[in-house]
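**Student:** pasting the sequence and the predicted coordinates here, then a few questions.
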Amino acid sequence: MIKTVTAVLLAFGLATSVASSHAAATLESFKFTSGGDEQRFKDLIAEIRCLVCQNQSLLDSDAELAHDLRVEVYGMMQAGQADNEIIDFLVARYGDFVLYKPPVKPATYFLWFGPFVLLVIALTLLIFALRRQRRSMAEKPISATDRQQLDRILGNSGTHTDSDS
Amino acid sequence: MIPELGHFALILALLMALVLAVFPMVGSLNNTPGWVAVARPAAFGQFTFLLIAFACLVNAFLVNDFSVTYVAQHGNTKLPNIYKVSAVWGAHEGSLLLWAFILGGWTLAVALFARSLPDEMLGRVLSVMGMVSIGFLSFMLFTSNPFARTFPVPTEGRDLNPLLQDFGLAIHPPMLYMGYVGLSVAFSFAIAALIGGKLDTSWARWSRPWTTVAWVFLTIGITLGSWWAYYELGWGGWWFWDPVENASFMPWLVATALIHSLAVTEKRGAFKRWTVLLALLAFSLSLLGTFLVRSGVLTSVHSFAADPARGLYILVFLCIVIGGSLALYAWRAPDVSSGGSFNVLSRETLLLGNNLLLVVITAFILLGTLAPLIYDALGWGKISVGFPWFNTMFIIFTPFLVLLMGLGPLTRWKHHDAADLLRQFRIALLVSICAGVLAALPVFKEGSAYAGLAVMLSVWLVTTLFLSLRRRLSYRRGVAAILKDFSARGSGSYYGMLLAHFGVAVFTIGVTFVTLYDIEKDIRMAPGEEVELAGYTFRFDGVESVPGPNYQADRGTIRVFRQDREITTLTPEKRTYLVQTKPMTEAGIDAGFTRDIYVSLGEALGGGSWSLRLYYKPFVRWIWLGGILIALGGILAAFDKRYRLAVNRKVMASPATPKDKLATQGQT
C-alpha cells in the first residue's frame, strides 16, 4: 500500500514532502509551562525525521511511530534533558538518518564544506576567465581593416556611441 | 478498441520520431535539401499521432474503461470529470505520455513559428528534438505502456490519489512539464549549432525567446506546486527542499543563468561556449530530475531495483543524452571564437559572476539531494539532508546573488568606470542599509538580523531598479516619448527584467517574514470555545458531516474576529475518500495581502471537541506574488518586439544593411 502511494506521489513533478498520512499531526496533548518551552519542542522535532514517512518531520507527521517519538522527546524534555542529549539518544538508536541536519563530523565534511569548495572553484574559473579576457583585449587591438570598415559604416565620423540599456 | 488505437498511434508517433531524427540530420550533413524538408511534415505527423494517443487515454478515463490497467489503477466512476482528465498524468505511464505529448507540441511549435531559421538549422533542431522523443516514446512502449489491458476487467477503478484531486495539482504537472520539455528546445538549438559549428549572435537570438518561454512555464509550475503544498498538505509549509522539489528547482536555476547568458551572447557576442554549456546542462538537469523522480531512486534505492528494466533504461538514456551532448561539446566548443571582449568592470563580468553563482547553488543543491544516495552507495552510512542544511547554504550564497542583481542593470556593457558606478549606486546603497538596520532594530527578537538582511536586499533591488529606470527614461524627454519607449524595440526585455527582478524582491520579503514571524498554535477546542492568536479571536462552532462527490467530509466552522468585528468564517475540512480511505485535510484559509489566517482540522477528541492547528502567516502571499511577477517579466521579455521584427525581416526577405545590423546590436 505504502509503495503504491509512494509511486503515485513520485509520479508527480512536485508532489512535495508528503507521507502516507496527510492529516496534520496532533500536538495538543502536550502541556508546556511556558511558550519558550513549546517553541523549543517544536523547533527540535521539526528537525527530526519521521522514519516511516516519505519525507516528513516529527512535527508534521501523523504516523504512529512519529506520535510515539514525540511523546518520548517530550518526556525527555520534561525530565530536564538538553537538546543535544535528546539528539544523541535518537542518533544512538536510529543513526544519523534521523536528523534532517547532518552532524558536522569528518564523514560529513564532504557535505558541509563541499559547497564552499565549489564556490572557490567557480571564483578561480571567473578570475581565470577575466584574466584571459584582459590579455586577449590587450593583444588584439582593433585591426586596420576592421577600423576601415568601421569608419566606412559610421560614415567616417569616427564617433563611438556607448550603447546602454 | 480505442485503447488499441491509442497504442497504435503511439507506435506511429515513434516511427515519425525516427524519421524526424534521421532524415533532416543526414540531409543537412550531405546537402540534400529534400531530406531536410522532411522535418516539418514529420514534426506535424508526430504531433498528430501523439494527440490521438493522448485523446485515447483521456477518453479511456472519461468512459471508465477499467480494462485498461492504468485506468483501473487510477480512475473511478465517481471521480469528477476534471480529475478524470488530470488522472491521465496522475502516475508513471500517463505522465510519460504527457511528457511525450508536450515534446511533440514544442516540436510542432518550433516547426511552425521558427520561420526565420535557415532550413538547414531548423532541420537539425527538429531532428535533435526527434531523438529525445525517440527516447521517451520507446521507454513508454517497451517498459511503461499506458494502454496495456488487464483481465479480468475490474468493475471499479482504484481511484486517483486523493492528494491529487485538487485543481492546483491538476494543472501543476502540465505547467512544469511545459517548462522541462521547453528546455529541450534550447538544448536542440545548442546541439544543432554545435554540429553546424556556427555559434553566432543569430543563434542566440533564435533560441532566446523559446528559452524564456520555457523558463516562464517552469516558474509558473514551481510556484503552483508550492502554493498547492501550502493549502493542501495541512501544515502550511510551502517548500521543504524535498528531492522532488529540488528536481524542479535545479533546472530553473540553470535556465535562469541561461537566459541571462543568452542575453550577453545575443547583444555582445560573448560567452558563446558558456551559453551552450548552460543550454546542455539545463535540459540535462530536467531529464535527470524527471528520471530521478520517475525511478523513485531518491526515496529508496530499492525501488530502483523494483523494476530493473525501467531503471536500466533510464540510466542508459541519461548516459547517452548527457554524455553524448557533453562529448559533442568537448569536441566542437574549442573551435568557437570567444567573441566580444569586455573589461573587468562591466555588465558582462557581473552577469558572468551571477551565472557562476547560480551554477554553484545548483551544484550544491544537487550535492545535498544526492548525498544520501552517495553515502549509502559508498557505505558511509545513512544520512538525511533536509531543510536545515539547504536553508543554511542558501542563506549564505543568495545574498551575493541579489547584490550582483542590483548592480547589473546599472552597469554598462563592455566597460564601466568604477568611480562613476559608485556615484550611481551610492544612494541605493545608503537607502538599503538604512532600511535594513531599521527593520532589524525595533524588534530585538530572535532572527531579526535575518529580517534586516532581507529588507536590505529587497530595498537594494528596488532602489537600483528605480535608478536604472530613471536613467533610461532621462534620455526620453516628455510623456509622449516615455510612453513611446514602452512599445519600442527591446523594451519588452528591459521592462520584463525590471518586473522579474522586482518579483525577486517581493519573494525575498515574503519568504523571510513568513519564516521568521509566523505564529502557530496547536489546540483542543470544544464547540463555542474561543482562543486568541496574533490579535485575532478564533471561535470554534463545531464540526458537521458533509457529503462530497466521492468523499465524506467533516467540516469545521471557525469564525474569526478582530476587536469584536467578524472578519471571516473558515471551514477547514477533513475528508475521507470512499475508495482510498485516507484522511485528507483541506485547510481553511483567509488570504490577505499582508497576512494569511490558516486553520486545519486535526482529529475528533470526543464530546464534539477537535484538535486544531491555527496559523498566522505574515506576508506568505508575497512568495507566490513574487513568482507571478517573475513569470510576467519573462512573458514581457519573450514577446519583445524585436523578435517579431526578425520574423518580418525574413518574410520580406530584405537583406539587412551593415548599418541596420550595427543599430540592432546597439539596441539592448
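**Tutor:** Perfect, thanks for sending it. Numbers count the residues shown, from 1 in each chain, chains lettered A, B, ... in the order given.

**Student:** and the residue in chain A that chain B sits nearest to, what does it touch?
**Tutor:** Proximity of chain A to chain B (C-beta to the nearest C-beta) peaks at residue A:100, 2.8 Å away. Where you see a C-beta, it was placed from the backbone N, CA and C, and this is true even at glycine. Neighbouring residues of residue A:100 by C-beta atoms under 8 Å, 6 or more residues apart in numbering or on different chains: A:46, A:47, A:48, A:49, A:57, B:384, B:385, B:386, B:387, B:388, B:389.

**Student:** quick check, central residue of chain B?
**Tutor:** Centroid check for chain B by C-alpha atoms, centre = their mean gives residue B:218 as the closest residue, at 2.1 Å.

**Student:** tell me the mean pLDDT for the helix or strand hosting that one?
**Tutor:** Secondary structure assignment for residue B:218, by DSSP states H and E: helix B:201-232. Mean pLDDT, helix B:201-232: 92.

**Student:** could you do stretch A:64-72 as well?
**Tutor:** Stretch A:64-72 carries an average pLDDT of 87.

**Student:** near chain B at all, it?
**Tutor:** No: using C-beta under 8 Å from any C-beta of the partner chain, stretch A:64-72 never reaches chain B; the gap is at least 11.0 Å.

**Student:** pull out the buried positions in that stretch.
**Tutor:** Along stretch A:64-72, these residues count as buried under the neighbour rule (16 or more other C-beta atoms under 10 Å in any protein chain shown): A:66, A:67, A:69, A:70.

**Student:** do stretch B:618-625 as well
**Tutor:** B:618, B:619, B:620, B:621, B:622, B:623, B:624, B:625.

**Student:** chain center to it: distance?
**Tutor:** Relative to its chain's centre, stretch B:618-625 lies at 18 Å (C-alpha atoms, centre = their mean, to the nearest Å).

**Student:** still on that earlier bit, correct me, but the residue nearest to the centre of chain B touches residue B:182?
**Tutor:** Yes: using C-beta atoms under 8 Å, residue B:218 makes contact with residue B:182 at a distance of 7.5 Å.

**Student:** okay, now the nearest residue to residue B:117 once chain neighbours are set aside: neighbour count?
**Tutor:** Nearest non-adjacent residue to residue B:117, counting by C-beta to C-beta, 6 or more residues apart in numbering or on different chains: residue B:206, 6.0 Å away. Look at residue B:206: counted by other C-beta atoms under 10 Å in any protein chain shown, it has 25 neighbours.

**Student:** the residue nearest to residue B:207 when sequence neighbours are not counted: what's it in contact with?
**Tutor:** Excluding the flanking residues, the one nearest residue B:207 by C-beta to C-beta, 6+ apart is residue B:189, at 3.8 Å. By C-beta under 8 Å, 6+ apart, the contact list for residue B:189 reads B:125, B:203, B:206, B:207, B:210, B:279.

**Student:** ok, residue B:259 next?
**Tutor:** Contacts for residue B:259 were tallied using C-beta under 8 Å, 6+ apart; they are B:208, B:211, B:212, B:215, B:634, B:637.

**Student:** which stretch of helix or strand covers it?
**Tutor:** helix B:243-268.

**Student:** still on that earlier bit, what comes up buried for the helix or strand hosting the residue nearest to residue B:207?
**Tutor:** Assigned by DSSP H and E, residue B:189 falls within helix B:167-196. Under the neighbour-count criterion of 16+ other C-beta under 10 Å, helix B:167-196 has B:168-196 buried.

**Student:** look at residue 75 and say how many residues are nearby.
**Tutor:** Using chain A here. 11.

**Student:** ah, I was thinking of chain B
**Tutor:** By the criterion of other C-beta under 10 Å, residue B:75 has 26 neighbours.

**Student:** repeat for the one 3 residues further on
**Tutor:** Applying other C-beta under 10 Å, we find 15 residues neighbouring residue B:78.

**Student:** was I right to think it contacts residue B:578?
**Tutor:** Yes: between residue B:78 and residue B:578 a contact is recorded at 6.9 Å, counting by C-beta under 8 Å.

**Student:** what touches both of these two?
**Tutor:** Joint contacts of residue B:78 and residue B:578 (C-beta under 8 Å, 6+ apart) are B:159, B:550.

**Student:** domain boundaries for chain A, per the record?
**Tutor:** Per automatic domain parsing, the structural domains of chain A span A:2-103, A:107-153.

**Student:** just the strands in chain B please.
**Tutor:** Using DSSP state E, the strands assigned to chain B run over residues B:519-525, B:530-533, B:536-547, B:551-562, B:565-570, B:573-577, B:583-586, B:588-590, B:595-606, B:609-618.

**Student:** list the helices and strands the second one packs on?
**Tutor:** Meaning strand B:530-533. If you count contacts as 3 or more C-beta pairs under 8 Å, 6 or more residues apart in numbering or on different chains; DSSP states H and E, strand B:530-533 packs onto strand B:519-525, strand B:536-547, strand B:609-618.

**Student:** just the fifth one next, same as before
**Tutor:** When contacts are defined as 3+ C-beta pairs under 8 Å, 6+ apart, strand B:565-570 packs onto strand B:551-562, strand B:588-590, strand B:595-606.

**Student:** count of residues packed around residue 82?
**Tutor:** The chain I'm using is chain A. Residues near residue A:82, counting by other C-beta under 10 Å: 10.

**Student:** meant chain B actually
**Tutor:** If we define neighbours as other C-beta under 10 Å, then residue B:82 has 12 of them.

**Student:** any regions of chain A where pLDDT drops low?
**Tutor:** The model of chain A has pLDDT under 70 over residues A:1-29, A:137-145, A:147, A:150, A:154-165.

**Student:** what about the lengthiest helix in it and chain B, touching?
**Tutor:** For chain A, the helix that runs over the most residues, judged by DSSP state H, is helix A:109-139. Yes: with C-beta under 8 Å from any C-beta as the criterion, chain B is reached by helix A:109-139 at A:110-112, A:114-115, A:118-119, A:122-123, A:125-126, A:129-130, A:133-134, A:136-137.

**Student:** in that helix, what counts as buried?
**Tutor:** By 16+ other C-beta under 10 Å, the buried positions in helix A:109-139 come out as A:111, A:114, A:115, A:118, A:119, A:122, A:126, A:129, A:130, A:133.

**Student:** list the contacts of the residue of chain B found nearest chain A.
**Tutor:** Chain B approaches chain A most closely through residue B:386 (2.8 Å), counting by C-beta to the nearest C-beta. Residues counted as contacts of residue B:386 (C-beta under 8 Å, 6+ apart) are A:47, A:49, A:55, A:57, A:99, A:100, A:101, B:240, B:241.

**Student:** now it: phi and psi?
**Tutor:** phi -120, psi -160 (degrees, to the nearest 10).
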